[in-house]
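> One predicted model, sequence on top.
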Amino acid sequence: MNNRLTLPLIIFLSLLLALLILLFDMSDSYGIVEGVAYIALILLGLMSGRTGYVYVMAVSGTVLSLIGYLITTEVSPWWVILANRGLTVLVIWITAVLGIKAMNREINLRKVIKEREG
């Protein structure tokens, strides 16, 4: 059974989600809470079952986090802002890499099971 979403649906949901998270990111001044929401893009990318799409979502989350930093008028000290955004980017990429490893492991396991059954 294929429990993957179709690519057009994932693209639509990704664009919608990215826009909503960016608007949320621009509406607040703390930086870390909103930035971590970009992980939802990675999780949506993992649902596609395509490694390349997960990387696209990780790059998109990183870029949108930086855009949120540039657009937002944050009142925190600059070092706090940079630390928060740095942590956001780190968490985005850790999630992407670990998610891809888990996804590849699942794909390989399914192949082994299919070979043993057939």
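Sure thing, it's come through. Residues are numbered from 1 along each chain as shown.
> What is the burial count for the closest residue to residue 7 other than its chain neighbours?
Closest residue in space to residue 7, ignoring its immediate chain neighbours: residue 48 at 6.2 Å, by CB to CB, 6 or more residues apart in numbering. Heads up, the C-betas are built off the backbone N, CA and C, glycines and all. A count of neighbours around residue 48, defined by other CB atoms under 10 Å, yields 21.
> From residue 55, how far off is residue 48?
With distances taken as CB to CB, to the nearest Å, residue 48 is found 11 Å from residue 55.
> do residue 38 as well
Look at residue 38 and residue 55: by CB to CB, they are 14 Å apart.
> who's more crowded, these two?
residue 38 (27 against 16).
> Run a quick check on that one versus residue 64, I expect a contact.
Yes. Here residue 38 reaches residue 64: they are 6.2 Å apart, a contact under CB atoms under 8 Å.
> Give the buried residues for the helix or strand hosting residue 53.
Secondary structure assigned from DSSP states H and E places residue 53 in helix 51-71. Buried residues in helix 51-71, counting neighbours by 16 or more other CB atoms under 10 Å, are found at 51, 53-58, 60-62, 64-65, 68-69.
> re earlier: which ones are touching the residue nearest to residue 7?
Counting by CB atoms under 8 Å, 6 or more residues apart in numbering, residue 48 touches 4, 5, 7, 10, 54.
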